[in-house]
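1. sequence and predicted structure below; questions after.
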Amino acid sequence: MDQQIETFLRALKQYGIKKNIPNISPQLGKFLNNLVKILNCQNILEIGCANGYSTIWMAEAMDKNKGKMVVIDRSLPSLKAVKNNLAQFSFSSLIELIEGDAVHILPKFKQKFDLIFVDAQKNLYAQFWELAKNLLEKNGIIIFDNVRKFPEKTQDFWRLIENQSKFEYLEIPQEKDAVVMLW
Ligand SMILES: C[S@@+](CC[C@H](N)C(=O)[O-])C[C@H]1O[C@@H](n2cnc3c(N)ncnc32)[C@H](O)[C@@H]1O
């Protein structure tokens with residue numbers, strides 16, 4: 001990875017810790033970055049970006065693949081922060097930022113994605129799953145962050161994915177939490 005981006009990500013993570021911004025872990029960032037490279041993802045959707053820490057991890061790889069990314073967040077201050085943080089990187093022009101509630105935006109999409117990363121309101125995960133699975137390309141992957149940290153919020157989500165057979169899924173432990181990957 002480019003030295004300038006690596007240094008920027010390290011500083012952004014430290015800033016997030018200081019300001020209590022719930023950014024993903026650097027380990028998950030590295031995982032997503034490598035996944036985008038390995039799968040040669042061209043169209044990525046992110047739901048919930050905060051100040052763009054996870055966005056930049058994925059965008060660095062997406063840029064190498066000559067791909068594009070769509071990012072949804074319902075918080076205007078968050079989107080302003082992402083815009084500022086992306087401004088210095090050439091890949092910012094390949095990222096479309098959409099303000100609003102993903103529950104209302106996802107049904108309007110016509111395009112499909114080969115990677116969808118969800119890190120937004122946990123008690124909407126069941127709804128995000130129902131909506132986002134229709135937007136996956138054949139062989140596309142969807143990843144949900146923090147699927148164990150708030151069990152009372154994600155129980156509907158778990159019920160849905162455990163009671164279906166169309167998608168394979170794999171839970172990957174993450175410190176005191178986990179992500180789940182479906183394809
Ligand atoms: C945990 S933070 C995302 C952190 C980010 N992925 C990172 O690692 O830097 C959750 C974000 O999801 C957004 N969000 C929560 N519910 C949402 C919804 N229904 N639609 C769109 N954005 C949502 C919040 O505004 C917040 O910025």
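-> Sure thing, it's come through. Numbering: from 1, shown residues only.

2. could you list the low-pLDDT ranges of this protein?
-> By pLDDT under 70, the chain has no low-scoring segment.

3. residue of it closest to the ligand, please.
-> Going by Cβ to the nearest ligand atom, the ligand is nearest to G48 of the chain, at 2.8 Å. Every C-beta, even on glycine, is put in place using the N, C-alpha and C of the backbone.

4. who's in contact with the longest helix anywhere in the chain?
-> Ranked by residue count and defined by DSSP state H, the top helix of the chain is helix 3-19. Applying Cβ atoms under 8 Å, 6 or more residues apart in numbering, the contact partners of helix 3-19 are 21-23, 26, 29, 50-53, 56-57, 60, 85, 88-89.

5. now do the SS call for the residue nearest the centre of the chain.
-> Taking Cα atoms, centre = their mean, the centroid of the chain lies closest to F117, which sits 2.9 Å from it. Three-state assignment for F117 (DSSP: H, G, I helix; E, B strand; the rest coil): strand.

6. same deal with I161?
-> Taking three-state DSSP, the label given to I161 is helix.

7. pull the contacting residues for the closest residue to it other than its chain neighbours.
-> Nearest residue to I161 in three dimensions, chain neighbours excluded: Y169, at 5.7 Å (Cβ to Cβ, 6 or more residues apart in numbering). By Cβ under 8 Å, 6+ apart, the residues touching Y169 are 161, 180-183.

8. among those, which lie within helices?
-> Checked against DSSP H, these include these in helices: I161.

9. picking up where we left off before, which among the contacts of helix 3-19 are in contact with the ligand?
-> 22-23, 50, 53 (Cβ under 6 Å from any ligand atom).

10. by neighbour count, which of those wins?
-> Y53 (26 neighbours; other Cβ atoms under 10 Å).

11. could you find the closest non-adjacent residue to that one?
-> That would be N23: by Cβ to Cβ, 6+ apart, it lies 3.9 Å from Y53.

12. check V147 too.
-> The nearest residue in space to V147 (Cβ to Cβ, 6+ apart) is V180, at 4.8 Å.

13. again with A132
-> I116 is the one closest to A132 (Cβ to Cβ, 6+ apart), at 5.2 Å.

14. residues contacting that neighbour?
-> Per Cβ under 8 Å, 6+ apart, neighbours of I116: 44-47, 132, 135-136, 140-143.

15. and the contacts of helix 3-19, which two are furthest apart?
-> Comparing all pairs in the contacts of helix 3-19 by Cβ to Cβ, the longest separation belongs to P22 and Q88, at 23.4 Å.

16. show me what whichever strand in the chain runs longest is packed up against.
-> Longest strand of the chain, by residue count under DSSP state E: strand 136-144. Counting contacts by 3 or more Cβ pairs under 8 Å, 6 or more residues apart in numbering; DSSP states H and E, strand 136-144 packs against strand 113-118, helix 125-132, strand 177-182.
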